[in-house]
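> with the input below, show me the fold.
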Amino acid sequence: MRKLISSTWTWLIIQTLFNVSISSFTYAEGLGEIIDIGKYRSRSVLPDPYEKPCPDTPVKLLHLEGNLYRHTIGSPAFYSGLVLITQEGALIIDPARTCTALKLKEMIDEKFHVPVKYVVYTHGHFDHIGGGQVFQNAGAQVVAQKNALEPIIGERLPTALPNIVFDQEMALNIGGESVLLHHAPPSHSDSMTFVYFPKYKALQCTDICGSDSLPYGELPDFYYDGWVEALTWIQRLDIRWIDDGHHQLATKEQQLLQLRYLQELHTQVLDLVRGGESWEQIYHDIKFKDVYKKWTDFESYHLSNTRGMYEWISLHRRGDW
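Have a look, this model is predicted:
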């Protein structure tokens, strides 16, 4: 690997943008590492389920303010990510699918006539990072937290490997605009990246944050303690826009509710387990507040969320052995 220096950031700028103490971060002047993806060209990959055109999955590019946009897939947004478009080029977060990435690239080419310079992966799950090769093959650099590299290779995911990886923090500069990447605590995955646009006070917080919505399914690739830490950390940022990778744009206040939901679910399941209840009993005895019952996908996910929390607690209890 070779070290790559992108934009230069002083500690004072970091402190101001994130509104926290300097000691909370280890920014190293925007350092990343270049991956020699050539040695992986012959790697085995799984079939791409979204290789063919998907006209039934509409792609939109919505203007938020200034150079900041949001791409959405499906209606309402089934997948989404923030997009920065400058005269120098564009930065895209999580293209999601090959068929929709092709459409998004076409829209940027026709409307803005600039190349896509960066694609940022928020984590190593295929449902968000599919289609990365569409932009990489056209010259874009794919950037991800370093823990995302192994599962992309190991799980044979049919998407682009990162050209650049970072450890804790990285800064990108494009068209005079700054983008900060921060490795989120292990939560929805151990490869999570927060992407912050300081000029717009906008945060990409895919799958960790919510928009009055439940986390996905049985909480796959789940780290409870880190998820609590991540949602708590967000409260220290100055944020106006939050994109959670799905749904509608969210607020910082909604993340407090998301935090309470996870904490209350954890406490309740832990108490039931310590009370000697089996999963079959917990399944019937778990209770949810009315505010959560109004959330998106409550009927689909509340019991699977409970199962995921039960499994996590069962593996992490401090027993009497």
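> backbone dihedrals for the nearest residue to Phe112 once chain neighbours are set aside, please?
Using C-beta to C-beta, 6 or more residues apart in numbering and skipping residues adjacent in sequence, the residue nearest Phe112 is Ile85, 5.3 Å away. From N, CA and C alone the C-beta is placed, and that goes for glycine too. The main-chain torsion angles of Ile85 are listed as degrees, to the nearest 10 and equal phi -120, psi 120.
> return the list of helices and strands in contact with the longest helix seen in the chain.
When secondary structure is assigned using DSSP state H, the longest helix within the chain turns out to be helix 252-274. Judged by 3 or more C-beta pairs under 8 Å, 6 or more residues apart in numbering; DSSP states H and E, the packing partners of helix 252-274 are helix 224-234, strand 241-243, helix 279-285, helix 298-316.
> quick one: contacts of it?
Residues external to helix 252-274 that are found in contact with it (C-beta atoms under 8 Å, 6 or more residues apart in numbering): 205, 209-212, 214-215, 224, 227-228, 231-232, 234-235, 237, 239, 242, 281-282, 285-287, 289, 291-292, 305-306, 309-310, 313-314, 317.
> count the neighbours of Arg132 for me.
Not Arg; residue 132 is Gly. Other residues lying near Gly132 total 29 when counted by other C-beta atoms under 10 Å.
> and the nearest residue to it once chain neighbours are set aside, backbone torsions?
Counting by C-beta to C-beta, 6+ apart, Gly132 lies nearest to Ala160, which is 3.5 Å off, once chain neighbours are set aside. For Ala160, the backbone dihedrals are phi -70, psi 140 (criterion: degrees, to the nearest 10).
> Ala160 is in contact with Ala138, isn't it?
No - contact criterion C-beta atoms under 8 Å: Ala160 and Ala138 do not qualify, at 10.8 Å.
> ok, the two, which is more surrounded?
For Ala160 against Ala138, the residue with the higher neighbour count under other C-beta under 10 Å is Ala160, and the figures read 25 against 11.
> just the strands in the protein please.
For the chain, the strands identified by DSSP state E occupy 2-5, 31-34, 59-65, 68-73, 79-85, 90-93, 116-120, 141-145, 164-166, 169-174, 177-183, 193-197, 202-204, 241-243, in order along the chain.
> can you list the ones you listed in TSV and add mean neighbour count and distance to Pro47?
Formatted as TSV, the entries for the strands of the chain read as follows, by neighbours: other C-beta atoms under 10 Å; distance: least, C-beta to C-beta, whole Å:
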stretch	mean neighbour count	distance to Pro47
strand 2-5	12	32
strand 31-34	18	29
strand 59-65	15	22
strand 68-73	22	20
strand 79-85	25	20
strand 90-93	26	24
strand 116-120	24	22
strand 141-145	26	21
strand 164-166	22	26
strand 169-174	23	32
strand 177-183	22	31
strand 193-197	24	27
strand 202-204	25	28
strand 241-243	24	29
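> which among the ones you listed is found nearest to Gly131?
Closest to Gly131 of the strands of the chain, according to C-beta to C-beta: strand 116-120, at 8.8 Å.
> and the closest one with strand 177-183, angle?
What separates the directions of strand 116-120 and strand 177-183 is an angle of 20 degrees, with axes from the mean of the first three to the mean of the last three C-alpha atoms, to 10 degrees.
> between strand 116-120 and strand 141-145, how big is the angle?
20 degrees.
> how far does strand 116-120 sit from the chain's center?
15 Å (C-alpha atoms, centre = their mean, to the nearest Å).
> begin at 675 from here
Sure thing, new numbering starts at 675, so read that last one as strand 790-794.
> name every strand pairing with it and say which way it goes.
According to DSSP bridges, strand 790-794 forms sheet pairs with strand 764-767 (parallel), strand 815-819 (parallel).
> in stretch 881-899, what counts as buried?
Going by neighbour count (16 or more other C-beta atoms under 10 Å), the buried part of stretch 881-899 is 881-890, 892-893, 895-898.
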